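take this sequence and fold it.
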Amino acid sequence: IDESQGKAARVAGVLGVFTAGIAIFAFYGIHARLTVPGDMGATAANILANETLFRIGVAFYLTYSIAVVALAVALYVILRPVSPGVAVLAALWRVVNALTWALASINLLDVVRTLGGAGPLRAFEQLDQLFTAAAEGLARRHLRDGVLDGDFRLSEVRQVGSNGAGRRSDGCHHSTTPHS
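I've put the predicted structure just below:
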């Protein structure tokens, strides 16, 4: 065992204990106290009443994900001399696990937004409203200037990107050139 493997082993040991501890605390110490099995209403009320605690739990889950990536690197350094291919594969799967965990943790914040909780997520809602207002203003200008047909409804503007340029959701094609 060389010096880098020794340091990596110490780091892996500390991170292994840290990741286990933080995941157990976040789940059993925070989120398990907020959830009421079989009663979504009570769970929602608990989350809203303890929104900061819920967000701290999410932060712990994200911290866990970051620590798991560091643990994967340390384990790679330890296992590389034994089998480089297996070490890369093991590290890759551990990173995929960490990224999946991080995405799931970020999605937990949608719970607060869906329930109508306050906080930083309101900024994203305001940004969405700003973009919607800008798109509506642009659509109105195009209607006024004759770029769009008069029967082109604003809800159809939002679908243009998903249904193809100039296509309404009902399949009718709208010209993007001004009418004479």
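
where do the helices sit along the chain?
Here the chain has its helices, by DSSP state H, at 3-24, 32-34, 40-49, 51-79, 84-115, 121-145, 154-163.

most tightly surrounded among the ones you listed?
Mean neighbour count (mean count of other C-beta atoms under 10 Å) peaks for helix 51-79 among those, with a mean of 19. In this view, the C-beta of every residue, glycine as well, is placed from N, C-alpha and C.

packing partners of that helix?
Here helix 51-79 touches helix 3-24, helix 32-34, helix 84-115, going by 3 or more C-beta pairs under 8 Å, 6 or more residues apart in numbering; DSSP states H and E.

hmm, try it at 7 Å
The helices and strands touching helix 51-79, judged by 3 or more C-beta pairs under 7 Å, 6 or more residues apart in numbering; DSSP states H and E, are helix 3-24, helix 84-115.

would you list these in TSV and tack on mean pLDDT and distance to Thr43?
Formatted as TSV, those follow (pLDDT from 0 to 100; distance: least, C-beta to C-beta, whole Å):
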stretch	mean pLDDT	distance to Thr43
helix 3-24	95	20
helix 84-115	90	9
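
now those as a markdown table including distance to Ala45?
Rendered in a markdown table, the data for these read as follows (distance: least, C-beta to C-beta, whole Å):
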| stretch | distance to Ala45 |
| --- | --- |
| helix 3-24 | 25 |
| helix 84-115 | 9 |
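
so which of those gets nearest Leu53?
helix 84-115 (11.3 Å; C-beta to C-beta).

so what's Asn46 up against?
Counting by C-beta atoms under 7 Å, 6 or more residues apart in numbering, Asn46 makes contact with Leu34, Val36.

what do you get for Arg55?
With contact set as C-beta under 7 Å, 6+ apart, Arg55 has no partners.

next, Arg80: phi, psi?
phi -50, psi -40 (degrees, to the nearest 10).
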